[in-house]
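In: show me how the following folds:
(2 chains)
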Amino acid sequence: MQDGKLDEVLRIARQKGYFWPSYEIYGGVSGFYTLGPMGVILSQDIKELWRSMFIRPFGFLEVDSPSIMPYRALKASGHVDNFKDPMAECRSCKAKFRADHLLKDAGINAPESASAEELEAMLNDNSVKCPSCGASSWSVRPFLTMFETNIGPYEGSRGFLRPETAQGIFVEFRDLYEINRKRLPMGVAQIGKGFRNEISPRQSVIRLREFHMMELELFMDPQDEGAPEPPSNVKIPILHEAARESGQPELISPAEALSKGILKSKWLAYFMYLSFRFVQALGVPPDRQRFYEKIKGERAHYSAQTFDHEVYLDDLGWVEVAGLAYRTDYDLSSHSRESGVDLYAEERRVLSTRKSVRLIVDELRKRDNWQELARLKPEIREDGVYLGEVRLRDSEYKIIEEVEKEEVRKFVPHVVEPSYGLDRLMLVSLYYAVSEREGRRLLSLPRPLLAGVVGVLPLVSNDDMIRKAREVAESLAASGFTVIFDEKGYIGKRYARLDEAGVPFAVTVDGQTVEDNTVTVRERDTWKQERVNASELSRYLRERGSPGLELTRH
RNA sequence: GCGGUCGUCGUCUAGACUGGUUAGGACGUCAGCUUCCCAAGCUGAAGAUCGCGGGUUCAAAUCCCGCCGACCGCACCA
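Out: Reported below is the predicted structural model:
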C-alpha cells in the first residue's frame, strides 16, 4: 500500500473537472462529492458500457423509481431494523461503541431483540468497562444509518432516502412481471442514487453518503434458473469461504466453481464472469481483481451468498466496487407479507392433451352431400378421420391438439443481484488510467470511455484558422461529439492539457486545411497523427472510438 | 464522538517556534508579443477580509481561548 498515486488521481479529478468535494465554500461536508463536466461524461459512458453488457444482450428491463421510500416498504425489506445499530456512549469519555459488541466482549450474550434501554441496563448492571477510558457508565441510543424525512406536511408519514435502488424494483414486481409477459428469467436494472448516513465517510468517493449505483435484479425460478452457461475456459480469482483461511484466492473458472458447489447459483456464476470482464473493460488488469466471499455475519440481512468484487489500489488495498448477492426470495417474500399482495411467478405445466378435428368447410363443400356429412360428428380412427362411414380426404380436416389439463405452479422467484458503485468505478478507472509519457501526465482511459469527446485546435491563432476550426467544431458537435475548443497558446501545451484530461483525440486545423479541407487527428496515447478529410471526421472518430472488444454475450 | 494532523489567491504552498514595511513564490487564468505540431520564450495583469469569533498587545497569518470544517487513525461500513 501507499504510493501517493491516489493523491495524483484526485488532483487530476479536481483540476480536469471529474469530481471534487461538495460545499467547499461552506467548509465542505464530508461524504458528498460533485461530478464536474468530465465526470458527468465519464459516468454516462460507464453506465452505457454497463447497459451494453448487463442489460441489452439479455433483453432485460430498466426502471427509474423514486429516491424517497415510505416507512413500510423499508420496514418490510428489513432495512429499518438492520440499518439500526445500538450505539453505546461512554458517559465519561464520550467514546462510542456498538452496545452488543461490548456485551459480547464482556462475555454476555444480548438477545437480538433487546431494546436500547435493556442494553443500557445490561451494560451498567454488569459494570462493563469502556475500552478507551475504563469507566463503566453508559448511555445507549439506536443510530439509524438511513436519512429520514417526512412525506407531506404531517409527521405521521415517515419516509427514508433509499439505501439501495433494488427496493424500488422489488415493490414493482407485479407490474414488471406482467410487462415482461410473465416470463422468467427476468432482469430488471436500475441506475440511480443511493443514500446512507455513514458515521464516518472516508477516502474521497469510496465511502459517500450520497452515491451512484447500478443494480440489476435477476428474477428466476430456483428449480430452473435459465441462465447462460458460465464459461469454463476463463479463470477468475475467487477468495471463497474455504480459501479465505489461506488468504490466497483460487483461480477457477465460473463453470467449475458452480459445479463444485462454491457458487450457489448459475446466474451468480455467469454474472461473476461478466463482472470480471466489465471491470477489465474499465481498465483494471485481471490480476488486480478478485471476488471476496462474505461469510455469514458479514453479509447483508437478505443475502444467502455474497461476493464482493474487489479492485486492488496501491494506496488503499482492496476496494469493493461491486457486490454480487444471492438474495433468494427474501425481498419478494418480505414485501408480500407486509403488503398483503401476493408476489409470485407462475409456471404452467401441461399434464394431458386431447386431439380434436376441425373440418375445413370450404373443401368439404365440394362434395354433393356435404350438408348431410357436416351434421355428423368427426371421429378419429386408426386409418383416418371419418364422418359416419365416410373417410375424409386430408385436405378436408385438420387435427388440433388441445390442452386438456394443466397445472399452475406458483412460486416466489429467487433473485441474484450484481450491484455496482459507480463512483468507485470511476475512481478505479481513473486510477488505472493515470500514466506518464515523457514526463507528462496522461489519462489513458480505455477506449469506449470518453470516445465522444474530442479537442479541436487551430494550430496557430490566426483568424482564418480559427474560423475554419470553428466550422469543424460545429459539425462535430452536430454529429453528437462533445467538443473542447482550445484556440490559445502553444500547441504542445494544448495537447498536453487534453492528454491529462483524458480526451482521446485532438483535431488540429493547420495551413493545409484551408487548401484541401484535411485536418490532423492526434491520438492521446500514442501521439501519432493522421491526416483525415474534414468531411470524414466524425465517421473516422467513431470507428477509432469504438471499443474494438466484443462486449456482448460470448 | 474520541485521538492525531491541518486550514494562507482557483490549485499547491513560504511565512508561524523568535508578533513589526505593500503576506512571497510556483502552477493555473487573462492580455500582448512570438509561434505552422508537442507543458518553449519575453512582457504585463487580475486574483488572499490568512476558516470563523473573541482575547492579549502600540501592533496578530504568527501568541491564548472558543467554535466550524477537512484529512488520517479508532469505532462503524447492512
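In: run through the bridge partners of the residue lying closest to A:Arg544 once chain neighbours are set aside.
Out: By the measure of Cβ to Cβ, 6 or more residues apart in numbering, the closest residue to A:Arg544 outside its immediate chain neighbours is A:Phe505, 7.0 Å from it. In short, each C-beta sits where N, CA and C put it, glycine included. The partner list for A:Phe505 in beta bridges (DSSP bridges) reads A:Val454, A:Glu523.
In: residues contacting A:Phe505?
Out: Taking Cβ atoms under 8 Å, 6 or more residues apart in numbering as the criterion, A:Phe505 is in contact with A:Val454, A:Gly455, A:Val521, A:Arg522, A:Glu523, A:Arg524, A:Leu541, A:Arg544, A:Gly545.
In: what's the nearest residue to the last one if we skip its chain neighbours?
Out: Taking Cβ to Cβ, 6+ apart, and ignoring the residues beside it in sequence, A:Gly545 has A:Ala451 as its nearest neighbour in space, at 3.0 Å.
In: what about the one you found, neighbour count?
Out: Summarising burial for A:Ala451: neighbours were counted as other Cβ atoms under 10 Å, giving 20.
In: with the one 4 residues further on instead?
Out: By the measure other Cβ under 10 Å, the count of residues near A:Gly455 is 23.
In: if I pick A:Lys405, what's in contact with it?
Out: A:Lys405 neighbours (Cβ under 8 Å, 6+ apart): A:Val350, A:Leu351, A:Ser352.
In: so it sits in a strand?
Out: Yes: following the definition DSSP: H, G, I helix; E, B strand; the rest coil, A:Lys405 is counted among the residues of a strand.
In: count of residues packed around the closest residue to RNA strand B within the stretch 201-350 of chain A?
Out: Using Cβ to the nearest atom of the strand, the single residue of the stretch 201-350 of chain A nearest to RNA strand B is A:Ala300, 2.4 Å away. The criterion is other Cβ under 10 Å. On that basis, A:Ala300 has 15 neighbouring residues.
In: again, but for the one 4 residues further on
Out: Applying the criterion other Cβ under 10 Å, we find 15 residues in the vicinity of A:Ala304.
In: tell me how far it lies from A:Asp221.
Out: For A:Ala304, the distance to A:Asp221 (Cβ to Cβ, to the nearest Å) stands at 16 Å.
In: same question for A:Val460.
Out: Per Cβ to Cβ, A:Val460 is found 67 Å from A:Asp221.
In: residues in contact with A:Leu427?
Out: Residues in contact with A:Leu427 (Cβ under 8 Å, 6+ apart) are A:Val9, A:Ala13, A:Ser204, A:Val205, A:Ile206.
In: circling back: which among the contacts of A:Phe505 gets closest to A:Met214?
Out: A:Gly545 (22.0 Å; Cβ to Cβ).
In: for whichever residue of the stretch 351-500 of chain A sits closest to RNA strand B, give me the pLDDT.
Out: Of the stretch 351-500 of chain A, the residue with the smallest distance to RNA strand B, taken as Cβ to the nearest atom of the strand, is A:Gly492 at 2.3 Å. A:Gly492 is assigned 90 on the pLDDT scale.
In: and the contacts of the host helix or strand of it?
Out: Using DSSP states H and E, the secondary-structure element containing A:Gly492 is helix A:491-501. Contacts made with helix A:491-501 from outside it, assessed by Cβ under 8 Å, 6+ apart, are listed as A:12, A:15-17, A:38, A:437, A:440-443, A:455, A:457, A:459-460, A:484, A:486, A:506, A:508, A:522, A:524, A:527.
In: so which bits of that helix are buried?
Out: Within helix A:491-501, the residues that qualify as buried are A:Ile491, A:Arg494, A:Tyr495, A:Ala496, A:Arg497, A:Leu498, A:Asp499, A:Glu500, A:Ala501, counting by 16 or more other Cβ atoms under 10 Å.
In: next one: stretch A:375-385
Out: Going by 16+ other Cβ under 10 Å, stretch A:375-385 has these buried residues: A:Pro378, A:Val385.
In: just stretch A:42-54 next, same as before
Out: Taking 16+ other Cβ under 10 Å as the neighbour-count basis, stretch A:42-54 is seen to contain the buried residues A:Leu42, A:Ser43, A:Asp45, A:Ile46, A:Lys47, A:Leu49, A:Trp50, A:Arg51, A:Ser52, A:Met53, A:Phe54.
In: what does it rub up against?
Out: Applying Cβ under 8 Å, 6+ apart, the set of residues contacting stretch A:42-54 from outside is A:18, A:35, A:60, A:62, A:187, A:189, A:191, A:212, A:214, A:216, A:274, A:277-278, A:281-282, A:418, A:420, A:422, A:425-426, A:429-430, A:445, A:448-452, A:502, A:551-552.
In: mind listing what A:Lys355 touches?
Out: A:Ile380, A:Ile399, A:Ile400, A:Glu401, A:Glu402.
In: my bad, A:Ala451
Out: When the contact criterion is Cβ under 8 Å, 6+ apart, the partners of A:Ala451 are A:Asp45, A:Pro504, A:Leu541, A:Arg542, A:Arg544, A:Gly545, A:Ser546.
In: so the second one versus RNA strand B, what's the distance?
Out: As defined by Cβ to the nearest atom of the strand, to the nearest Å, A:Pro504 lies at a distance of 13 Å from RNA strand B.
In: OK, contacts around that residue?
Out: Listed by Cβ under 8 Å, 6+ apart, the contact set of A:Pro504 reads A:Leu445, A:Arg447, A:Leu450, A:Ala451, A:Val453, A:Val454, A:Glu523, A:Arg524, A:Asp525, A:Arg544, A:Gly545.
In: just A:Ile191 next, same as before
Out: Neighbouring residues of A:Ile191 by Cβ under 8 Å, 6+ apart: A:Lys47, A:Trp50, A:Glu62, A:Asp64, A:Thr165, A:His212, A:Met213, A:Met214, A:Glu215, A:Leu422.
In: could you look up the SS state of the second one?
Out: Applying three-state DSSP to A:Trp50 yields a three-state assignment of helix.
In: can you pull the pLDDT of it?
Out: Looking at A:Trp50, its pLDDT reads 97.
In: still on that earlier bit, mind putting the contacts of A:Pro504 into a markdown table with pLDDT?
Out: Putting the contacts of A:Pro504 into a markdown table (pLDDT from 0 to 100) gives the following:
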| residue | pLDDT |
| --- | --- |
| A:Leu445 | 94 |
| A:Arg447 | 87 |
| A:Leu450 | 94 |
| A:Ala451 | 93 |
| A:Val453 | 94 |
| A:Val454 | 94 |
| A:Glu523 | 94 |
| A:Arg524 | 93 |
| A:Asp525 | 92 |
| A:Arg544 | 89 |
| A:Gly545 | 85 |
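In: just the buried ones from those residues, in ChimeraX syntax?
Out: In ChimeraX syntax, the buried subset of the contacts of A:Pro504 is picked out as below (16+ other Cβ under 10 Å):
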select /A:445,447,450,451,453,454,524,544,545
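In: including distance to RNA strand B, could the contacts of A:Pro504 go into JSON lines?
Out: Converted to JSON lines, those look like this (distance: Cβ to the nearest atom of the strand, whole Å):
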{"residue": "A:Leu445", "distance to RNA strand B": "16"}
{"residue": "A:Arg447", "distance to RNA strand B": "18"}
{"residue": "A:Leu450", "distance to RNA strand B": "17"}
{"residue": "A:Ala451", "distance to RNA strand B": "19"}
{"residue": "A:Val453", "distance to RNA strand B": "17"}
{"residue": "A:Val454", "distance to RNA strand B": "15"}
{"residue": "A:Glu523", "distance to RNA strand B": "8"}
{"residue": "A:Arg524", "distance to RNA strand B": "9"}
{"residue": "A:Asp525", "distance to RNA strand B": "11"}
{"residue": "A:Arg544", "distance to RNA strand B": "15"}
{"residue": "A:Gly545", "distance to RNA strand B": "18"}
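In: can you list the contacts of A:Pro504 in JSON lines and add distance to A:Gly317?
Out: Listed next are the contacts of A:Pro504 as JSON lines, based on distance: Cβ to Cβ, whole Å:
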{"residue": "A:Leu445", "distance to A:Gly317": "23"}
{"residue": "A:Arg447", "distance to A:Gly317": "28"}
{"residue": "A:Leu450", "distance to A:Gly317": "28"}
{"residue": "A:Ala451", "distance to A:Gly317": "31"}
{"residue": "A:Val453", "distance to A:Gly317": "32"}
{"residue": "A:Val454", "distance to A:Gly317": "37"}
{"residue": "A:Glu523", "distance to A:Gly317": "34"}
{"residue": "A:Arg524", "distance to A:Gly317": "30"}
{"residue": "A:Asp525", "distance to A:Gly317": "28"}
{"residue": "A:Arg544", "distance to A:Gly317": "36"}
{"residue": "A:Gly545", "distance to A:Gly317": "34"}
